[in-house]
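Visitor: I need the structure of the sequence given here:
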Amino acid sequence: MQVPDQIPLKLDDGFHRIEREHRLPTGFPPAVLDEAAWVAKVPLLPATDMTDVPFVTIDPPGSMDLDQALHLERLGAGYRVWYAVADVGAFVRPGGVIDAEARSRGETVYLPAGRVPLHPLVLSEGAASLLPGAERPAAVWCVDLDADGRVIGADVRRALVRSRERLDYAYVQAAVDTGTADGVLALLAEIGRLRLALERERGGVTLPVPEQEVRHDGGRYRLRFRLPLPAEAWNAQISLLTGMAAAAMMLDAEVGVLRVLPRPSPGDLAKVRRVAQALDVPWPDGAGYGAVVHDLDPKNGRQAAFLHESKVLLRGAGYVAFDGAPPRTAEHAAVAAPYAHVTAPLRRLADRYATEVCLAVAAGEPVPSDVRAGLEVLPGLMSAGGR
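Guide: The predicted structure is shown next:
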């Protein structure tokens, strides 16, 4: 069935009804806004100054809640990845009203007609966002890679940073495709391809599925399906390697919170293999699901249909917190490795907690007691927010 370019229905009432049914907040209480306005002016600034590092951000056009900025360098035969993540802990005081409100929300919820943010905009799109030209507190990851892109060392510390430019994926892709990319952008493509090859080697999965976009335009809603650019996958690999480094750090320290996904059941795998056979999608003997989807073309109708149906194998992700022995299930099946959410603290509550754990572990200090106490209830808070 052909999807119409425009949906000529008045859907606002329906969207608002969904918001009410799910009890999504329509704004922030005055006390939260007051505290946010105050802490935006007096954040806890770090002693380390890294404003000389020429970080850049890469996000969709118009984005204001900029969680991450990166800088890439050659390091001998390998690479050094600098990854600055917005330091929400520099603004949100444990036990304060912003903290309580964020715990009740869990994450930013995106809707066709707008979004319900995790934090007040004065923070998430202002004082805490890694906007270009502004000095910001950040948790800065330094991850060293060998010539094949494998992680050989990782550290994280608080530092003051200043992003130089706000780039978007189309710009990055055009620079690479036209051969004009140099410096960070050329290295992003180089490292991204190496990391994608390693993901395939370990059995990880990145689904090249079209994204559905609903845009509000002049009183009407436009529905589009957009194929992700390779630059988006390269950028995602930097976030993934940071999350994998964070997970390894927390597992070594025996305290933290992981993002986990169980391996698919034999029954679900058999079902997806039957779908592949029915759609004439090649599935060589002995090949895993990850290897199969890496070779598929979402512009091919049959293969796109298979990619959509096979997403059943990636359901059931959740969070697991631990303080002591590591959890029995510590791996994220799609990543094919232990993994943690640490790169989007403006939009996800769990990232702030995981980052605080990693900062303490990397510094050789005890994990703050309020962070440690909050780990036990964090998976439940994130599950409720996700629902």
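Visitor: and Pro4, what's its pLDDT?
Guide: Here the pLDDT value assigned to Pro4 is 52.
Visitor: could you do the one 4 residues further on as well?
Guide: You'll see Pro8 listed with a pLDDT of 46.
Visitor: same thing with His308?
Guide: 86.
Visitor: wait, isn't it in contact with Glu211?
Guide: No. Using CB atoms under 8 Å, His308 is not in contact with Glu211, being 12.0 Å away. In this view, the C-beta of every residue, glycine as well, is placed from N, C-alpha and C.
Visitor: those two: who's more crowded?
Guide: His308 (14 against 10; other CB atoms under 10 Å).
Visitor: tell me the secondary structure of that one, please.
Guide: Three-state assignment for His308 (DSSP: H, G, I helix; E, B strand; the rest coil): helix.
Visitor: just the element for the closest residue to it other than its chain neighbours, please.
Guide: Excluding the flanking residues, the one nearest His308 by CB to CB, 6 or more residues apart in numbering is Val209, at 6.5 Å. Under the criterion DSSP states H and E, no helix or strand holds Val209.
Visitor: what about Val209, how many residues nearby?
Guide: Here the count is done by other CB under 10 Å, and Val209 has 17 residues near it.
Visitor: pretty sure it sits against Ala304.
Guide: Yes. Assessed by CB under 8 Å, Val209 is found in contact with Ala304 at 7.4 Å.
Visitor: give me the common contacts of the two.
Guide: Taking CB atoms under 8 Å, 6 or more residues apart in numbering as the criterion, Val209 and Ala304 both touch Pro298.
Visitor: picking that back up, list the contacts of the residue nearest to His308.
Guide: Val209 is in contact with 298, 304, 307-308, 311, counting by CB under 8 Å, 6+ apart.
Visitor: mind listing the strands for the stretch 151-300 of the chain?
Guide: Shown for the stretch 151-300 of the chain, the strands assigned by DSSP state E, counting those that start in this stretch span residues 151-167, 211-217, 220-226, 255-260.
Visitor: distance from the chain centre to the last one, please.
Guide: What it means is strand 255-260. Distance of strand 255-260 from the chain centroid (CA atoms, centre = their mean, to the nearest Å) equals 15 Å.
Visitor: which other residues reach it?
Guide: Here strand 255-260 has contacts from 243, 246-247, 249-251, 317-324, 327, 329-332, 338-341, 350, 353-354, 357-358, 361, 367, 372, 375, 378-379, using CB under 8 Å, 6+ apart.
Visitor: before we move on, back to that, any idea how far the residue nearest to His308 lies from Glu309?
Guide: Per CB to CB, to the nearest Å, Val209 is found 11 Å from Glu309.
Visitor: and for Pro30?
Guide: 48 Å.
Visitor: neighbour count for the two, which is higher?
Guide: Glu309 (16 against 9).
Visitor: need the nearest residue in space to the more buried one, chain neighbours excluded.
Guide: Spatially, and ignoring its direct neighbours in sequence, Glu309 is nearest to Val275 (4.9 Å; CB to CB, 6+ apart).
Visitor: was I right to think that neighbour contacts Lys311?
Guide: No. With contact defined as CB under 8 Å, Val275 does not count as touching Lys311 (11.1 Å).
Visitor: the two: which is more packed in?
Guide: The neighbour count for Val275 versus Lys311, taken as other CB under 10 Å, is higher for Val275 (16 against 12).
Visitor: separation between that one and Val367?
Guide: Relative to Val367, Val275 is positioned 45 Å away (CB to CB).
Visitor: over to His294?
Guide: According to CB to CB, His294 stands 37 Å off from Val367.
Visitor: quick one: which of these two has more around it?
Guide: With neighbours defined as other CB under 10 Å, His294 and Val367 compare such that Val367 has more, 21 against 18.
Visitor: in terms of helices and strands, where is that one?
Guide: Val367 belongs to no helix or strand when assigned by DSSP H and E.
Visitor: contacts only, for it.
Guide: Val367 makes contact with 253, 255, 356-357, 360-361 under the criterion CB under 8 Å, 6+ apart.
Visitor: any idea whether the nearest residue to it once chain neighbours are set aside is helix, strand or coil?
Guide: For Val367, ignoring the flanking residues on the chain, the nearest one in space by CB to CB, 6+ apart is Ala360 at 4.5 Å. Three-state call for Ala360 (three-state DSSP): helix.
Visitor: pLDDT value on Ala360, please?
Guide: We have a pLDDT of 98 for Ala360.
Visitor: count residues in the vicinity of it, would you?
Guide: For Ala360, the neighbour count with other CB under 10 Å is 18.
Visitor: in this structure it contacts Pro366, no?
Guide: Yes. Using CB under 8 Å, Ala360 is in contact with Pro366, at 6.4 Å.
Visitor: residues of stretch 173-192 that come out buried?
Guide: Neighbour counts over stretch 173-192 (16 or more other CB atoms under 10 Å) mark 173, 175-176, 181, 184-185, 187-192 as buried.
Visitor: need the contact partners of it.
Guide: Applying CB under 8 Å, 6+ apart, the contact partners of stretch 173-192 are 54, 56, 58, 70-74, 79, 81, 145, 149, 167, 172, 229-231, 233-235, 237-238.
Visitor: that stretch: end-to-end distance?
Guide: Taking CA to CA, to the nearest Å, the first and last residues of stretch 173-192 lie 12 Å apart.
Visitor: same check, this time on stretch 192-212
Guide: Termini of stretch 192-212 sit 24 Å apart (CA to CA).
Visitor: residues of it that come out buried?
Guide: Under the neighbour-count criterion of 16+ other CB under 10 Å, stretch 192-212 has 192, 194-196, 198-200, 203-209 buried.
Visitor: circling back to that earlier point, mind picking the two most distant members of the contacts of Val367?
Guide: Using CB to CB, the contacts of Val367 span at most 12.3 Å, a distance reached by Ala253 and Glu356.
Visitor: so for the two, which residue has more residues nearby?
Guide: Glu356 (25 against 16).
Visitor: quick check: chain neighbours aside, which residue is closest to the more buried one?
Guide: Once flanking residues are discounted, Glu356 sits nearest to Val371: 4.6 Å by CB to CB, 6+ apart.
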